[in-house]
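K.L.:
predicted structure and sequence below. I'll ask about it afterward.
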Amino acid sequence: MNFPLFPPAASTIAPQTDLLFIVLVAVSALVLAVIFIPTIYFLIKYRRGRRVDRRMPELPSFKIEVTWTLITLVIFLGLYAWASEVYLKIETPPADALELNVVGKQWMWKIEHPEGISEIDQLHIPIGQNVKLILASQDVIHSFFIPAFRVKEDVVPGRYTTEWFCATEPGTYHLFCSQYCGANHAQMIGQVIAMDPAAYQRWLTQKSPGVTLAQRGAKLFRDLGCSGCHMGNSIVHAPRLEGLYGKPVPLANGQVVVADDTYIRDCILTPQLRVPGGYPPVMPTFQGHVTEDELFQLTAYIKSLATATVEGGQP
């Protein structure tokens, strides 16, 4: 039987997290040794009935206390700084990452590619390319965990979370939900298939349904009646969406936010929460009328308008 200490290290961040883990274990073992080896020695040497010199030795206690306190402080602050650097790297997706949408449901993972491809409990990705996952839950808290990539992120109802990685080796890797989410939690597993870029492009071509996620969002946008207010010659005074995504938005309460995925989600589900400045709070909520999958479609459509311009050439 083969019992490896670690799963395969198949992402750019995996060797860094493994090294940090090993160093933390080694330092912890050293601290335990420094404490417990002398403790055991003194227990034996000064045990009851043993004839030894028990007088208090004359030691420069102040210097000893300051020395061991400063040494351990420097060591553990250094470990903290190193761990913080690795953590920030894990939690900060690169700007050039390929974005995929993931919805956790009891008890499955649904992955949406920009090309309109949907996967259930499988995730195809190219190696050597940064991949960012935008995660949402349809019901309860889940956790998207790929041990070989050393990444794990909670998937929380009512909000988006993100996770990113860059696979380095082709292969098939385990995908788990690491947060207990109900009776069939143990069955919420899947596979990550890391492919050479050329093979990944062939897979995209073969699987593409011919309708992108943004195109599906455009149809849903019209079906829900959103185009009557936000596009064309609408009679309702509502924000235009051309060129909106990624831009700062002044709010009626004086705050300024960036029109990212979370802002778009809030505007659809809780429009009174962050009302754009200069517009009346008249937009109805679509809470309960759209699913997490449909929210991703609408967001993809609005993202596709990021470089568009309104009539007259103004963004």
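P.N.:
Nice, I can see it.
K.L.:
ranges for the helices of the chain?
P.N.:
Ranges of helices in the chain, per DSSP state H, are 14-45, 61-91, 197-207, 213-223, 227-230, 261-269, 292-304.
K.L.:
buried residues in the fifth one?
P.N.:
Within helix 227-230, the residues scored as buried using 16 or more other Cβ atoms under 10 Å are 229-230. Any C-beta I mention is one placed from the backbone N, CA and C, and that applies to glycine too.
K.L.:
what's the answer for the second one, then?
P.N.:
Counting neighbours by 16+ other Cβ under 10 Å, one finds that the buried residues in helix 61-91 are residue 90.
K.L.:
list the helices and strands it packs on?
P.N.:
helix 14-45 (3 or more Cβ pairs under 8 Å, 6 or more residues apart in numbering; DSSP states H and E).
K.L.:
for the helices of the chain, which has the smallest mean pLDDT value?
P.N.:
Ranked by mean pLDDT, the helices of the chain end with helix 227-230 in last place, scoring a mean of 85.
K.L.:
residues in contact with that helix?
P.N.:
221, 234, 236, 238-241, 283 (Cβ atoms under 8 Å, 6 or more residues apart in numbering).
K.L.:
how does it look with 6 Å?
P.N.:
221, 234, 236, 238, 241 (Cβ atoms under 6 Å, 6 or more residues apart in numbering).
K.L.:
and for stretch 18-35?
P.N.:
residue 86.
K.L.:
one more: stretch 199-206?
P.N.:
With Cβ under 6 Å, 6+ apart as the criterion, stretch 199-206 contacts 115, 124, 126.
K.L.:
related to what we said a few turns ago, CSV for the helices of the chain, including distance to residue 136?
P.N.:
Below are those laid out as CSV (distance: least, Cβ to Cβ, whole Å):
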stretch, distance to residue 136
helix 14-45, 25
helix 61-91, 18
helix 197-207, 22
helix 213-223, 14
helix 227-230, 23
helix 261-269, 8
helix 292-304, 5
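K.L.:
any idea how far the residue lying farthest from the centre of the chain is from residue 160?
P.N.:
Most distant residue from the mean C-alpha position of the chain: residue 51, 62.3 Å away (Cα atoms, centre = their mean). Look at residue 51 and residue 160: by Cβ to Cβ, to the nearest Å, they are 71 Å apart.
K.L.:
cool, and residue 296?
P.N.:
Distance from residue 296 to residue 160, by Cβ to Cβ: 10 Å.
K.L.:
and the two? Which one has more around it.
P.N.:
Taking neighbours as other Cβ atoms under 10 Å, residue 296 and residue 160 compare with residue 296 leading, 25 against 20.
K.L.:
show me the contacts for the more buried one.
P.N.:
101, 112 are the contacts of residue 296 under Cβ under 6 Å, 6+ apart.
K.L.:
what of residue 146?
P.N.:
Contacts of residue 146 by Cβ under 6 Å, 6+ apart are 175, 192.
K.L.:
and residue 103, how far is that from residue 40?
P.N.:
54 Å.
K.L.:
settle it for me: which of the two has more neighbours?
P.N.:
Taking other Cβ under 10 Å, residue 103 and residue 40 do not tie; residue 103 has more neighbours (23 against 10).
K.L.:
surely that one touches residue 291?
P.N.:
No - using Cβ atoms under 6 Å, residue 103 is not in contact with residue 291; the gap is 8.2 Å.
K.L.:
which neighbours do these two have in common?
P.N.:
Common neighbours of residue 103 and residue 291 (Cβ under 6 Å, 6+ apart) do not exist.
K.L.:
hang on, the earlier thing: tell me which of the helices of the chain sits nearest to residue 135.
P.N.:
helix 292-304 (9.8 Å; Cβ to Cβ).
K.L.:
mind saving the C-alpha coords of the closest one as PDB?
P.N.:
C-alpha atoms of helix 292-304 as PDB (Å, rounded to 0.1, in the frame of the first residue of the first chain):
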ATOM      1  CA  GLU A 292     -27.500  31.400  -9.000                       C
ATOM      2  CA  ASP A 293     -26.900  30.100 -12.500                       C
ATOM      3  CA  GLU A 294     -29.100  32.900 -14.000                       C
ATOM      4  CA  LEU A 295     -27.300  35.500 -11.900                       C
ATOM      5  CA  PHE A 296     -24.000  34.300 -13.500                       C
ATOM      6  CA  GLN A 297     -25.600  34.600 -16.900                       C
ATOM      7  CA  LEU A 298     -26.800  38.200 -16.300                       C
ATOM      8  CA  THR A 299     -23.400  39.200 -14.900                       C
ATOM      9  CA  ALA A 300     -21.600  37.700 -17.900                       C
ATOM     10  CA  TYR A 301     -23.900  39.800 -20.200                       C
ATOM     11  CA  ILE A 302     -23.200  43.000 -18.300                       C
ATOM     12  CA  LYS A 303     -19.500  42.200 -18.400                       C
ATOM     13  CA  SER A 304     -19.700  41.800 -22.100                       C
END
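K.L.:
now do that helix against helix 261-269, angle only.
P.N.:
Per axes from the mean of the first three to the mean of the last three Cα atoms, to 10 degrees, the angle that helix 292-304 makes with helix 261-269 is 120 degrees.
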